[in-house]
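> coords please:
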Amino acid sequence: LVQLVESGGGSVQAGGSLRPSCVVSGLINSRYWMGWFRQAPGKEREGVAAIYTGGGLTYYADPVKGRFTISQDNGKNTLYLQMNSLKPEDTSMYYCAANGRLLLASSYSYWGQGTQVTVSS
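Predicted coordinates for the structure are as follows:
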């Protein structure tokens with residue numbers, strides 16, 4: 001059974017930082033893409049950042065480039081998203097996903113339950 005469990009969301013003021021994490025279990029293959037996605041009420045799910053666990057290659061959506069950093073701790077089977085200089089428009093439910101391709105949401109096989117990030121102005 002593959003499980004992804006996010007934590008670390010919260011509420012911050014604009015300009016603040018958060019670092020959600022995602023613990024992954026049950027995936028046998030050690031090389032795959034993992035990603036962070038977000039979805040606000042009434043909007044489509046959008047890709048934020050992705051990382052290839054086999055070599056650390058990363059990919060970012062334009063709105064978060066230079067502010068967000070995706071990383072992994074293989075020893076802890078954990079994925080992180082360091083979010084700096086947060087803006088109100090970053091407010092959303094954030095999901096981690098595994099075994100897909102880049103930021104194409106429909107390609108991902110496994111999803112976490114989500115963690116809420118709220119940024120106030």
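
> Which pLDDT value belongs to residue 62?
Per-residue pLDDT puts residue 62 at 97.

> Could you report the separation of it from residue 17?
Per Cβ to Cβ, to the nearest Å, residue 62 is found 20 Å from residue 17. C-beta coordinates here come from the backbone N, C-alpha and C atoms, glycine included.

> These two: which is more packed in?
residue 17 (11 against 6; other Cβ atoms under 10 Å).

> which non-adjacent residue is nearest the more buried one?
Distances taken as Cβ to Cβ, 6 or more residues apart in numbering place residue 84 nearest to residue 17, at 4.8 Å, with adjacent residues excluded.

> Could you tell me how far that neighbour is located from residue 65?
For residue 84, the distance to residue 65 - Cβ to Cβ - is 12 Å.

> same deal with residue 12?
Distance check for residue 12 against residue 65: by Cβ to Cβ, it reads 20 Å.

> Neighbour count for the two, which is higher?
Using other Cβ under 10 Å, the more surrounded residue of residue 12 and residue 65 is residue 12, with 17 against 10.

> Please, which helix or strand holds the more buried one?
strand 10-13 (DSSP states H and E).

> Now do that strand: which elements does it pack against?
Counting by 3 or more Cβ pairs under 8 Å, 6 or more residues apart in numbering; DSSP states H and E, the packing neighbours recorded for strand 10-13 are strand 115-120.

> Let's see the strand it packs on as CSV, backbone CA atoms only.
Output in CSV follows, covering the C-alpha atoms of strand 115-120 (Å, rounded to 0.1, in the frame of the first residue of the first chain):
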residue,chain,number,x,y,z
THR,A,115,-2.3,20.4,3.7
GLN,A,116,-3.7,23.9,3.8
VAL,A,117,-1.6,27.0,3.3
THR,A,118,-3.1,30.4,4.0
VAL,A,119,-1.3,33.6,3.4
SER,A,120,-2.8,36.8,4.7
